[in-house]
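K.L.:
What follows is a protein structure lacking sequence information:
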């Protein structure tokens, strides 16, 4: 079974956070594209603070992966959208709780707003299940 290979090119500045520069995904895997996930709990409630929204968001990502027969380690790309500058440090412990040491390539983007004004965070991604 082939596995994804995560790489940091030695000729490029090392990542400044929990991510790798690149992922090599061998052919033949099943690809899962995660739509942007936000902080709604399964009952539809939405907490007001970033930490609680992050908790729900990462939990939702894990639930979707599990539903597809995948683990967190199947993630090969994440895009994180935050409304408030500085919230990256607030969500980092939550990410570590759910993702452990797994650090796929990713992009952090600060935006003026998301689809609904009460949303503070949205995460989309790509995962690959190797055969």
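P.N.:
Okay, I see it. What you are looking at is a predicted structure, and each value in this text was computed from that prediction instead of being measured.

K.L.:
Closest to the centroid, which residue in this structure?
P.N.:
Centroid-nearest residue in the chain, with CA atoms, centre = their mean: residue 78, separated by 4.4 Å.

K.L.:
so what's it closest to, chain neighbours aside?
P.N.:
Spatially, and ignoring its direct neighbours in sequence, residue 78 is nearest to residue 106 (4.0 Å; CB to CB, 6 or more residues apart in numbering). C-beta here means a position set from N, CA and C on the backbone, and glycine is covered the same way.

K.L.:
What count of nearby residues applies to the one you found?
P.N.:
For residue 106, the count of nearby residues is 19 (other CB atoms under 10 Å).

K.L.:
likewise the one 10 residues further on?
P.N.:
A count of neighbours around residue 116, defined by other CB under 10 Å, yields 9.

K.L.:
Then residue 77?
P.N.:
Number of residues near residue 77 (other CB under 10 Å) recorded here: 19.

K.L.:
what's near enough to touch it?
P.N.:
The contact partners of residue 77, by CB atoms under 8 Å, 6 or more residues apart in numbering, come to 23, 104-106, 125-126.

K.L.:
Reformat those residues as JSON lines; add distance to residue 17.
P.N.:
Below are these laid out as JSON lines (distance: CB to CB, whole Å):
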{"residue": "23", "distance to residue 17": "16"}
{"residue": "104", "distance to residue 17": "12"}
{"residue": "105", "distance to residue 17": "11"}
{"residue": "106", "distance to residue 17": "8"}
{"residue": "125", "distance to residue 17": "16"}
{"residue": "126", "distance to residue 17": "18"}
